[in-house]
Structure formats: structure tokens, C-alpha cells
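All I have is the shape, not the residue letters:
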Ligand code: AKB
């Protein structure tokens, strides 16, 4: 008999590590994790881990002969800044990888006779604000606004959402018998900040980098202007939202893609908060014109009313609690 599992791709990344740690606290779940890297030492033993590539068809074929997958958290992706250096690789991982996982989930849904839940983190990068005046005026964007991303990663995420919609509603629409279709759910995340891991390859990385550098007594040159404003969320809320959207009854969902967010701060405001906690921190601004262009195209805030209405989404951490109760104390402890 095949073992019933929750599958997590990209589990060694920031969200993946936090999600695996959260699952480990919940009884009754068998986890199957997949990443190009091994699981970090502190998570070893918490899942059946496979070091491998989501683009490896033979590996995916072997996985479905051994496991019955009821839920997939497909986290594996190249982030926005890295994607601009290697756009074709980003496309392969972010689009072709997603397509392979969707196909696997579609086949599993058909074979099991019930929909596999497919949870896909998307991003504020799926938006493209045309100019600063529009960004200032239309500050809380809704899911259907400004879907004109300017990065390869943003294009990939937006298309990943569309592919998810296709596989969950129109897949094999001309077949004589419509298959049982997968159950796709996607969250558009703002910049994420964790107390325990540092991101790599993203453009919202300046916020966590500033904080982690200050706690280690290292100088930090912020690569965006002080007035740059985008939304953020701390990792426990990101995990909470993923768990919540994965668990909610299908009937409660009015959309396939939901914005979720917590607070919106400018880079100068983040610097002020960090300086209050670490008064000796040496944080300067050295804007990098290209990365600045990317964050300027992202909205200043997200409207997450549909998630709040449909499945009671509410972050635990506003800016005050995020820094005061979660980030500063845990980061201080981590480096002291
Ligand atoms: C990035 O900066 O690429 C990510 C994101 C906002 O999706 N953190």
C-alpha cells in the first residue's frame, strides 16, 4: 500500500523550513519533502526527504509509485532578483517545474478519485505598477488590479496561477469523461521576514537583511531608497495563512488566488525600528537602480479583504508585534 503523504517542494527554502517545522508539531501527517538541497540539520528526521529536482520526470514517476499524495505545497522557485540574472532558468524552474507538479497532482486526483489540494505561493511580484504616481494613488491593490508584472519571476508566478486555474477547472475539457480535478489554491504573499533564516535571491530581502545585519553588528547598505514602500509579513503568519487556506472547505472559497498581508512600511521606517532595538546599527542607503525599479513596480500595500471574508484570514502580527514580539527578541537570541 502506498503511504498517504503531504508533499512539500522547495522545503529547504525559507517558507519550506518554517512549514516543515510547523507540520512536525501536528500529529497525523506524513511529510514527503523534495529539494535540491538536504534538509537543514535541525529538521532532519521530520520528513521523508528526497534530494532531487522537480524537473526530473523519472524521479516524479518514482514518487507516485510509492506515495499517495493528498496535498502538495509547491514552494520550489527562483526569486525575483535571481530570476533577472538567469531568466531562462527561472522560467524552467518556476513554470516548467510548476507544470510538472500540476500534472502529477492532476493524475493523482484522477487515480485517487478525489481532488488533490495544490497550494501555490504567489507573490506581490505578480503586480506591475506602471509609475510612482499610480503606486501612491492605488495603494491597496486587489487581486485583479495591475496584473502586469515586470520581472521574469512575477510573470512566472502569474502564469503559475493561471496554470493552476486551468488544471483545476478546464483540464481535459474535451475528454469524453471529465476527470476528477485537482483543488488549486494560491496566496499572493508580500515580502516575508523570518527571525531564523535569511532569504536569498529576492528583492524584498533588504528588510530582513537590514535586521539580521544589525543584530550581528555588521554595517548594511540598503539597496533601495528610504521612501520605498511595500507590504511585509512575518514567517509565522505566512505559515498560518498557508495552513489555513489548505484546510478550508472548498465551498468557502470564492477565488483561486488570494492576497494576504500584514503591514506596509517604508525602508526608512524599518531602519528606524531596527535602530530603536540596535542603536549602534550602521544602516545607510545605496540604492541600486535596477533593484529599485523592481520594488517600485510592486504595490505599496495589498487588499486582502477576500481572504478575510472567505476564510477568516487575520495576521497575528501587526508591525508592532512583528518586530517587538517575534523578530527582535528571536534575532537577538539567535546571534548573541
Ligand atoms: C522576492 O523578493 O522575490 C520575494 C517576493 C516578494 O516574492 N521575496
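Everything's here; your move. In this text, all values refer to a predicted model and were calculated from it rather than measured experimentally.

Show me the domain layout of this structure.
3-191+234-259, 195-232+264-297+317-335 (automatic domain parsing).

Would you mind naming what in the stretch 51-200 of the chain lies close to the ligand?
For the stretch 51-200 of the chain, the residues in contact with the ligand (Cβ under 6 Å from any ligand atom) are 79, 80, 123, 124, 125, 153, 191. Yep, even glycine has a C-beta here, placed from its N, CA and C like the rest.

And for the fifth one, the neighbour number?
It stands for residue 125. 29 (other Cβ atoms under 10 Å).

surely it meets residue 146?
No: look at residue 125 against residue 146 with Cβ atoms under 8 Å: they stay out of range, at 11.7 Å.

need the contact list for the closest residue to residue 169 other than its chain neighbours.
In this structure, residue 169 finds its nearest non-sequential neighbour in residue 181, 6.8 Å apart by Cβ to Cβ, 6 or more residues apart in numbering. Residue 181 sits next to 106, 109, 115, 167, 168, 169, 171 when contact means Cβ atoms under 8 Å, 6 or more residues apart in numbering.

on that earlier part again, now the domains of the chain in TSV, with mean pLDDT and distance to residue 311?
Below are the domains of the chain laid out as TSV (pLDDT from 0 to 100; distance: least, Cβ to Cβ, whole Å):
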stretch	mean pLDDT	distance to residue 311
domain 3-191+234-259	97	4
domain 195-232+264-297+317-335	97	18
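
What residues of the biggest helix by length in the chain count as buried?
For the chain, the helix with the greatest residue count under DSSP state H is helix 97-112. The neighbour-count check on helix 97-112 (16 or more other Cβ atoms under 10 Å) flags 97-106, 108-110 as buried.

Check stretch 276-283 too.
Those would be 277, 278, 281, 283, for stretch 276-283 by 16+ other Cβ under 10 Å.

Tell me which of those fall in helices.
residue 277.

what's the closest of the buried residues of stretch 276-283 to residue 132?
Nearest to residue 132 among the buried residues of stretch 276-283 is residue 283, at 23.3 Å by Cβ to Cβ.

and the closest one, what are its bridge partners?
Taking DSSP bridges as the rule, residue 283 bridges to residue 220.

Same check on residue 119?
residue 73, residue 185.

what about it, neighbour count?
22.

ok, it - contacts?
71, 72, 73, 74, 185, 186, 187, 242, 245, 246.

List the buried residues in stretch 187-207.
Applying 16+ other Cβ under 10 Å to stretch 187-207 flags 187-195, 197, 199, 201-207 as buried.

Tabulate the buried residues of helix 97-112 (a markdown table), appending distance to residue 86.
Output for the buried residues of helix 97-112, formatted as a markdown table (distance: Cβ to Cβ, whole Å):
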| residue | distance to residue 86 |
| --- | --- |
| 97 | 14 |
| 98 | 17 |
| 99 | 19 |
| 100 | 19 |
| 101 | 20 |
| 102 | 23 |
| 103 | 24 |
| 104 | 25 |
| 105 | 26 |
| 106 | 28 |
| 108 | 31 |
| 109 | 32 |
| 110 | 35 |
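
Tell me the residues of the stretch 201-336 of the chain that contact the ligand?
202, 203, 204.

need the contact list for the residue in the stretch 201-336 of the chain positioned nearest to the ligand.
Here the residue of the stretch 201-336 of the chain nearest the ligand is residue 202; by Cβ to the nearest ligand atom that distance is 2.8 Å. If you count contacts by Cβ under 8 Å, 6+ apart, residue 202 has them with 79, 80, 81, 82, 191.
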